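> Turn this into a model:
(chains A and B)
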Amino acid sequence: MALVERDIQLDEHKRLKHLLTLEGLKAHHLTEILDLAETFFDANGELRKVPLLRGKTIMNVFFEPSTRTRTTFEIAEKRLSADVVNLNIATSATKKGESLQDTLWNLQAMGADMFVIRHADSGAAHFFARQVAEGVHVLNAGDGRHAHPSQALLDMFTIRKHKGDIYDLKVAIVGDILHSRVARSQIQALSILGAREIRVIGPRTLMPSCPEALGVHVYHDMDAGLEDVDVVIMLRLQNERMSGARLPSEKEFFRLYGLTEQRLERAKPDAIVMHPGPINRGVEIDSAVADGPRSVILDQVTNGIAVRMAIMAVIFSNAARHPQEDAS
Amino acid sequence: MKLNLDVNTLIDTLAERLRDDPIMGKAPCMVGIRTGGVWIAERLHAALGLEMPLGVLDISFYRDDFSRVGLNPTVRPSDIPWDVEGSRIILVDDVLYTGRTIRAALNELFDYGRPDEVLLTTLVERPGCRELPICAKYVGATVNCDQAVKLSGPEPLELNIVERKAEVA
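Alright, predicted model coming up:
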């Protein structure tokens, strides 16, 4: 028996079959997606509809609420001409006691070629990927505190578009690192793509126990952490994942870690400000910054469609290249 | 192996035929299919002195063999810098073989709008290998069907005979 389990998101040619996490992926896996995403924009910067996934059925299975991610996945699927089914399981059969596995098998029997899954439990997408039939693909649209790879990829796309090559850049991720699957995936993406420096900024109570192990520089002082950075990524304060009192108050958090125009002056003059959304105005970010000239927050949303199109196109393309071998 | 056909002469022949075509009196637009078709189209576009800028189609997202061979890794965006609706289009490709590339190109064009007319011209054709009911109005030369040819370029433009295993449809 092999000591290490083969990465279930890769096929035997080490190409993406599922996208569950960025952990363990190589730079070429990421750049292939980022490069392809660019080609979906036409000369006017619009996303054209193409017939690439005609006849494929993609099911968006959301056990947790989502607006941006679910909608941009749906638009991406429709731009690729796939048939789209949306399931909000929070209001569906699991309430009647159906297990995750039974839900999956039933949806698979309805002819799904790909599942896009969001779940409050870390590891739910991996669970799905282990259970699906050969030839069915799983995309993780966020599982618990674990990973949100498509978000991190669209963030890398946005950074690359505005700032060029990532290896030259200093990037600060600010706020609730502990509960953030987005931060985890972003840190992985930035290290895979060789960012010059990755900083995380936040209070001790919202840091994982040993953040340095992730290969990042840790700052508890916002002003010091923002000094000279090219990119500032703000995170949402995740009240729904917090148990117990980790913060004195939202006001106090804003005073210490909220991004204001004044604080932003510490960063490079051409620094960009990002946020995965939804934003809490006046909690982690001031409206003047969120709506200001250096904010690329809405551009992130548009880019999310192109990047999600690219993820799906790459995975179906990989499966098409060696269908016989995949069946073994 | 280089094919014994001079590409520049073939382009001159095509330009001459097109110049006499009625479409020239109707303010036509030109589209080249990436990659070889664009090289030919650039020459023809200049030779005919067309007013509207050259359009470029990359048909990778429209191929009918995606579920068998996957995506062309060198895909780039198409660029049609004018309104396809109501336009008269000279569609240019390098080699007309099975007709599947042209089918894909027509589908993509129609996703932009409804042209009034599409005229197809190709540098060479391999007759007898057609798998779809598609034919070009003007072809520069006809080559033997068991000879796979590929255009290399952009400078110099040369037609080469491709070894069987490297053949691209």
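> for the residue of the stretch 101-250 of chain A found nearest chain B, what are its contacts?
Per CB to the nearest CB, A:Asp113 is where the stretch 101-250 of chain A lies closest to chain B, at 10.4 Å. Where C-beta positions appear, they are placed from N, C-alpha and C, glycine not excepted. By CB atoms under 8 Å, 6 or more residues apart in numbering or on different chains, the residues touching A:Asp113 are A:Lys56, A:Thr57, A:Ile58, A:Ala82, A:Gly135, A:Val136, A:His137, A:Phe316.
> Need phi/psi at the residue nearest to the spatial centre of chain B.
Computing the C-alpha centroid of chain B and ranking residues by CA atoms, centre = their mean puts B:Asp93 first, at 1.1 Å. The phi/psi pair for B:Asp93 (degrees, to the nearest 10) reads phi -140, psi 170.
> Which pLDDT value belongs to the residue of the stretch 101-250 of chain A closest to chain B?
pLDDT, A:Asp113: 97.
> give me the number of residues near A:Met156?
Neighbour count for A:Met156, taken as other CB atoms under 10 Å in any protein chain shown: 26.
> you'd agree it is in a helix?
Yes - using DSSP: H, G, I helix; E, B strand; the rest coil, the assignment for A:Met156 is a helix.
> Check which residues of the helix or strand bottoming out on mean pLDDT in chain B are buried.
Across the helices and strands of chain B, mean confidence by mean pLDDT, DSSP states H and E is lowest for strand B:158-161: a mean of 85. When neighbours are counted by 16 or more other CB atoms under 10 Å in any protein chain shown, the buried residues of strand B:158-161 are found to be B:Leu159.
> mind checking how far the residue nearest to the centre of chain B is from chain A?
20 Å (CB to the nearest CB, to the nearest Å).
> residues contacting that residue?
B:Gly32, B:Ile33, B:Gly36, B:Gly37, B:Ile40, B:Thr101, B:Ile102, B:Ala105, B:Leu120, B:Thr122, B:Leu123.
> State the distance from it to B:Thr74.
17 Å (CB to CB, to the nearest Å).
> cool, A:Arg70 as well?
32 Å.
> Which one's more surrounded, these two?
A:Arg70 (20 against 10).
> what about the helix or strand containing the more buried one, average pLDDT?
Element membership for A:Arg70, per DSSP states H and E: helix A:68-79. Per-residue pLDDT over helix A:68-79 has a mean of 96.
> Now do the contacts for A:Lys161.
A:Asp299, A:Asn303.
> That one - that's part of a strand, no?
No - according to three-state DSSP, A:Lys161 belongs to no strand; its state is helix.
> pLDDT (mean, whole number) over stretch B:64-82?
The model assigns stretch B:64-82 a mean pLDDT of 91.
> Could you do stretch B:119-139 as well?
Mean predicted confidence for stretch B:119-139 is 94.
> now do the same end-to-end measure for that stretch.
12 Å (CA to CA, to the nearest Å).
> distance between that stretch and the chain's centre?
10 Å (CA atoms, centre = their mean, to the nearest Å).
> So what touches it?
B:5, B:7, B:10-11, B:14, B:17-18, B:21, B:23, B:28, B:36-37, B:40, B:44, B:88-100, B:102-103, B:140-145, B:147-149, B:151, B:159.
> next one: stretch B:10-30
Residues contacting stretch B:10-30 (CB under 8 Å, 6+ apart): B:40-41, B:43-45, B:47-48, B:50-52, B:54-55, B:82, B:87-90, B:92, B:117, B:119, B:121, B:123-124, B:137-138, B:140-141, B:157.
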